[in-house]
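In: sequence plus predicted model, see below.
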Amino acid sequence: EAAGRLEEAYLLFEKGGPEEIDLRCARQWYRINFVKMTQTNPSTRRVRQIRRSEDTPMEGARDDDGDDQDTFQALLYCWSYEVGDGDFSPFGDVASKQLEAAHASWCQDRKQGAQIRSGKYTYAVDFQSMRQRNMQTGR
């Protein structure tokens, strides 16, 4: 969720938006400076460099008008699920790619979630609440 907010803020910055934002990641707030490409922890004042990198285009990626385009670059995020106490564990590569594609589609119409298979379980994913539910256990 923080990665998505960070990406949205960066794209806005590229169009003349704010050079700095405050971003909450897990239980900590950070000040992000897009000009210096830094992350500052206001509590400790520690400053770290950040970077934005893109991976190879996702399979089935489409440009804005819906046509396949082999030059279209889709940013590949690592999707994770909460395992308790604020800790997260990443989905596998296949499920993460499926989630990113489903999320990109959801960003267009804000109507549907996704069903993703990870290991032996199928999960219903609600992007509005950023929650998942195991279809087998109901949790």
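Out: Thanks, I have it. What you see is a predicted model; the values in this text were computed from it and never measured. Numbers count the residues shown, from 1 in each chain.
In: could you pull out the helices in this protein for me?
Out: 2-14, 93-109 (DSSP state H).
In: start from the N-terminal end of the chain and give the strands.
Out: Using DSSP state E, the strands found in the chain span residues 20-25, 28-33, 38-40, 47-49, 80-84, 87-90, 114-118, 121-126, 131-134.
In: nearest to residue 119 among the helices of the chain would be which one?
Out: helix 93-109 (8.5 Å; CB to CB). In short, each C-beta sits where N, CA and C put it, glycine included.
In: that older thread, take the strands of the chain and write them to a markdown table, including distance to residue 13, mean pLDDT and mean neighbour count.
Out: Putting these into a markdown table (distance: least, CB to CB, whole Å; pLDDT from 0 to 100; neighbours: other CB atoms under 10 Å) gives the following:
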| stretch | distance to residue 13 | mean pLDDT | mean neighbour count |
| --- | --- | --- | --- |
| strand 20-25 | 8 | 86 | 14 |
| strand 28-33 | 9 | 87 | 16 |
| strand 38-40 | 13 | 87 | 17 |
| strand 47-49 | 17 | 84 | 10 |
| strand 80-84 | 25 | 75 | 12 |
| strand 87-90 | 26 | 74 | 10 |
| strand 114-118 | 29 | 83 | 17 |
| strand 121-126 | 28 | 88 | 16 |
| strand 131-134 | 29 | 88 | 16 |
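In: would you turn these into JSON lines with distance to residue 12?
Out: Putting the strands of the chain into JSON lines (distance: least, CB to CB, whole Å) gives the following:
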{"stretch": "strand 20-25", "distance to residue 12": "9"}
{"stretch": "strand 28-33", "distance to residue 12": "12"}
{"stretch": "strand 38-40", "distance to residue 12": "17"}
{"stretch": "strand 47-49", "distance to residue 12": "21"}
{"stretch": "strand 80-84", "distance to residue 12": "24"}
{"stretch": "strand 87-90", "distance to residue 12": "25"}
{"stretch": "strand 114-118", "distance to residue 12": "26"}
{"stretch": "strand 121-126", "distance to residue 12": "25"}
{"stretch": "strand 131-134", "distance to residue 12": "26"}
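In: with that, I have no additional questions.
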